[in-house]
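*Asks:* what's the 3D shape of this:
(one chain, ligands or ions: 3)
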Amino acid sequence: MRQPAVPTPPGSTAELAVRGDHWRAWQRQARELDFLEMAAAPVHFVKRAKRVTDWVEAGYTADMHWYARSLEKRLNPRLIMEDAASIIILTTPYHPEPVYLAGKKLARYAAGDDYHDVLLKKLRELVARMTADYPAANIRPYVDTGPVLERYWAQEAGLGWIGKNGCLISRHHGSYLFLASMVTNLVVPTGRRHTDFCGSCRACIDACPTDAIVGEGMVDSRKCISYLNIEHRGPFEDAPGFDDWIFGCDICQEVCPWARKFSGPSLIEAFLPRPTYEELTPEDLAEMEQERFSATFRRSPVKRTKMAGIKRNLAHLEHHRQTAEPDPKSGTQSRD
Ligand code: B12
Ligand code: SF4
Ligand code: SF4
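*Replies:* Residues are numbered from 1 along each chain as shown. Ligands and ions are numbered 1, 2, ... in the order given. As a prediction, the model looks like this:
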């Protein structure tokens with residue numbers, strides 16, 4: 001895709017230039033709201049956009065057709081907000097220890113309440129404060145809910161780098177982090193692009209059981225367990241084993257030395273694991289009726305697959321457990 005010129009935002013006047021003391025006060029408030037870090041990058045047309053267009057053109061979006069529809073906005077934030085000047089990214093950790101649902105592996109990010117709801121609420125509080133300080137401000141907050149390349153902007157803002165596993169990794173906090181973003185016409189103090197620290201390591205690429213990491217930082221969703229057991233609708237055709245993951249997958253982070261060494265606890269109680277999940281048996285889950293499903297997974301990201309999806313995933317794990325063949329990656333009998 002040709003890189004269009006990005007004009008200077010029309011509103012970059014004194015009333016939109018944020019003073020350092022205001023910025024620091026907002027960062028303090030962000031910490032009080034349980035965000036770990038808050039940093040910003042100046043708006044520009046995404047560099048190395050070909051990586052993203054290649055990802056779409058290769059079919060790596062699988063059935064996430066909404067992604068291609070918003071591609072131009074993802075590459076050029078001025079299509080989201082004409083006078084956008086800065087993109088602000090915030091991080092907060094989720095629970096870093098293994099989590100189980102009915103004895104199966106559950107992605108850590110789904111241990112507690114849905115992060116979209118929890119973080120958007122916090123973000124809106126911050127936006128209210130920022131708008132009170134700068135009435136001419138236009139601020140759009142997103143938590144995975146808008147056409148924003150959140151990991152890209154996090155790296156541009158200096159919060160970490162996009163690892164070969166595709167995740168944003170912080171040198172101080174690992175990668176079990178949620179990202180939240182704001183597109184704004186405010187001109188805020190910006191950080192410096194973070195350099196990559198993967199070096200010659202390729203542990204994530206080697207550990208991915210379905211070979212879904214097809215290039216450095218390039219994940220083919222069609223092969224990724226996290227896509228298949230969360231986003232895919234309908235029955236699985238020729239799907240691989242899921243290594244006992246019932247919802248999501250954390251393998252490419254579990255093996256990452258940065259995630260292993262630097263992950264800290266979640267700061268938000270709503271993200272802690274729910275004890276009821278461990279008490280459930282596979283039979284409970286398989287026989288669950290809608291009413292109990294809705295109560296058990298109230299406010300949880302697991303609801304995204306709906307009851308039919310989670311039962312399908314469970315049946316898939318059970319099927320693979322029965323037909324398990326030696327796992328070529330570990331040389332041992334596969335668990336699923
Ligand atoms: C679509 C999507 C998915 C898809 C596709 C994943 C993917 N890798 O793209 C699926 C469903 C598979 C998925 C899975 C997961 N996701 Co997801 N997902 C998204 C979403 C909505 C868009 C991501 C996207 O734009 N992908 C397209 C690719 C092309 O974009 P990109 O990787 O950013 O592209 C950059 C790199 O290629 C990089 N690059 C350029 N050149 C080079 C060169 C090298 C050498 C490298 C390494 C990189 C690099 O620059 C490109 C431009 O930015 C974001 C939210 C958002 N709005 O950003 C969440 C998001 C990325 N997901 C998130 C999470 C937590 C997950 C899971 C961990 C959940 C789980 N446990 O199951 C897994 C991780 C799988 C993985 N290894 O990536 C978090 C990640 C937080 C973090 N610390 O990084 C996000 C940011 C949501 C959030 N707000 O917190 N996800
Ligand atoms: S989330 Fe799992 S399946 Fe997807 S790339 Fe990472 S290790 Fe592979
Ligand atoms: S496992 Fe190694 S290559 Fe993969 S993201 Fe972590 S440091 Fe980078």
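*Asks:* for this structure, what spans make up the helices?
*Replies:* Ranges of helices within the chain are 20-32, 49-57, 65-69, 71-75, 115-133, 150-157, 203-207, 225-226, 251-254, 257-262, 275-279, 282-287, 290-296, 306-322, based on DSSP state H.
*Asks:* of all the ones you listed, which lies closest to residue 139?
*Replies:* helix 115-133 (4.9 Å; C-beta to C-beta). Heads up, the C-betas are built off the backbone N, CA and C, glycines and all.
*Asks:* in the closest one, what's buried?
*Replies:* 115-116, 118-120, 122-123, 126-127, 130 (16 or more other C-beta atoms under 10 Å).
*Asks:* could the helices of the chain go into TSV alongside mean pLDDT and distance to ligand 1?
*Replies:* Listed next are these as TSV, based on pLDDT from 0 to 100; distance: least, C-beta to the nearest ligand atom, whole Å:
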stretch	mean pLDDT	distance to ligand 1
helix 20-32	98	15
helix 49-57	97	4
helix 65-69	95	6
helix 71-75	98	7
helix 115-133	98	7
helix 150-157	98	3
helix 203-207	98	7
helix 225-226	98	3
helix 251-254	98	5
helix 257-262	98	9
helix 275-279	95	15
helix 282-287	97	19
helix 290-296	97	20
helix 306-322	93	12
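*Asks:* for residue 103, which of these is the nearest?
*Replies:* Smallest distance to residue 103 across the helices of the chain (C-beta to C-beta): 6.0 Å, for helix 282-287.
*Asks:* dump the residue contacts of the residue of the stretch 51-200 of the chain found nearest ligand 2.
*Replies:* Closest to ligand 2 within the stretch 51-200 of the chain is residue 165: 5.9 Å, counting by C-beta to the nearest ligand atom. Residues in contact with residue 165, defined by C-beta atoms under 8 Å, 6 or more residues apart in numbering, are 175, 204-205, 213, 217, 219, 252-253, 256.
*Asks:* now do the contacts for residue 101.
*Replies:* Going by C-beta under 8 Å, 6+ apart, the list of residues near residue 101 reads 246-247, 277-278, 280, 285, 302.
*Asks:* out of those residues, who's nearest ligand 3?
*Replies:* residue 247 (22.0 Å).
*Asks:* how about the residues of the stretch 51-200 of the chain near ligand 1?
*Replies:* The stretch 51-200 of the chain comes close to ligand 1 at residues 51-52, 55, 64, 107, 109, 143-144, 148-152, 162, 164-168, 175, 177-179, as judged by C-beta under 6 Å from any ligand atom.
*Asks:* of those residues, select the buried ones using a ChimeraX command.
*Replies:* Selection of buried members from those for ChimeraX, criterion 16+ other C-beta under 10 Å:
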select :52,55,107,109,143,148,149,150,151,152,162,164,165,166,167,168,175,177,178,179
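*Asks:* re earlier: from the contacts of residue 165, pick the one nearest ligand 2.
*Replies:* Using C-beta to the nearest ligand atom, those come closest to ligand 2 at residue 252, 3.3 Å.
*Asks:* how many neighbours does that closest one have?
*Replies:* 27 (other C-beta atoms under 10 Å).
*Asks:* just checking, it touches residue 176?
*Replies:* No - shown here, residue 252 and residue 176 do not form a contact pair, counting by C-beta atoms under 8 Å, at 11.9 Å.
*Asks:* could you tell me which residues of the stretch 151-300 of the chain lie near ligand 3?
*Replies:* Contact residues, the stretch 151-300 of the chain versus ligand 3 (C-beta under 6 Å from any ligand atom): 163-165, 198, 201-204, 255-258.
*Asks:* any of the residues you listed buried? List them.
*Replies:* 163-165, 198, 203-204, 255-256, 258.
*Asks:* wait, what's in contact with residue 17?
*Replies:* 186-187.
*Asks:* at 7 Å what do you get?
*Replies:* residue 187 (C-beta atoms under 7 Å, 6 or more residues apart in numbering).
*Asks:* around ligand 2, pick out the residues from the stretch 101-250 of the chain.
*Replies:* Close to ligand 2, as judged by C-beta under 6 Å from any ligand atom, the stretch 101-250 of the chain has residues 165, 208, 210, 212-213, 219, 224-226, 249.
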